[in-house]
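**Q** one predicted model, sequence on top.
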Amino acid sequence: MIVRGELNDDHFQVPSPDLAKILYRIREDRLKEIEEIKHKINQYEKKKRAEEAFYQSLSPVRKFFASRPPSHHQAVEYIVHVKERIKLIDVLKKQCRELDDVLELIEADPGHKEVVLSTALLEGVNRYRKWGDLS
């Protein structure tokens, strides 16, 4: 099966069963990465809840002397730790959907001659091809 990139003329030949194994591996890696990112977001939110609970448990005098970051610092911190990671999760989910579409095409028509992949997925396929680890 010929694998082509969507933006360039880069193409190469890979047997269909090997391509399917590579794509399944890439999909598993993307799903694992999504779970790791979700775990990091949950850890951050748990830490923030604990900090807020501690602050609320302080007496009014101690609250007055407790140093809390300004709200705009907290907003930037939230963007870095949560929003950007959620955007990354959306990108990874989009790649998983694309992988599912290509795998469906390969399974439905094993005699299909050509597959077009996005640049990110093409790089992943190239990496797995170079490693040669398909077991």
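**A** Now that the structure is in, tell me what you want to look at.
**Q** what segments of this protein are strands?
**A** Taking DSSP state E as the test, the strands found in the chain are 2-5, 11-13, 114-117.
**Q** now these in TSV, with mean neighbour count and distance to Tyr44?
**A** All C-beta spots, glycine's among them, are computed from the backbone N, C-alpha and C. Converted to TSV, these look like this (neighbours: other Cβ atoms under 10 Å; distance: least, Cβ to Cβ, whole Å):
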stretch	mean neighbour count	distance to Tyr44
strand 2-5	17	36
strand 11-13	11	41
strand 114-117	17	33
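**Q** longest helix of the chain?
**A** Criterion DSSP state H: the longest helix present in the chain is helix 16-57.
**Q** how far off centre is that one?
**A** Relative to its parent chain, helix 16-57 has a centroid offset of 8 Å by Cα atoms, centre = their mean, to the nearest Å.
**Q** which strands or helices does it pack on?
**A** In terms of contacts (3 or more Cβ pairs under 8 Å, 6 or more residues apart in numbering; DSSP states H and E), helix 16-57 is packed against helix 84-108, helix 119-131.
**Q** who touches the last one?
**A** Spelled out, it's helix 119-131. The contact list for helix 119-131 (Cβ atoms under 8 Å, 6 or more residues apart in numbering) reads 3, 5-8, 10, 12, 14, 19, 22-23, 25-26, 29, 95, 98-99, 102, 117, 134.
**Q** try 10 Å this time
**A** By Cβ atoms under 10 Å, 6 or more residues apart in numbering, the residues outside helix 119-131 that reach it are 3-8, 10-12, 14, 18-19, 21-23, 25-27, 29-30, 91-92, 94-95, 98-99, 102, 115-118, 134.
**Q** now the strands of the chain as CSV including distance to Phe54?
**A** Formatted as CSV, the strands of the chain follow (distance: least, Cβ to Cβ, whole Å):
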stretch, distance to Phe54
strand 2-5, 52
strand 11-13, 56
strand 114-117, 49
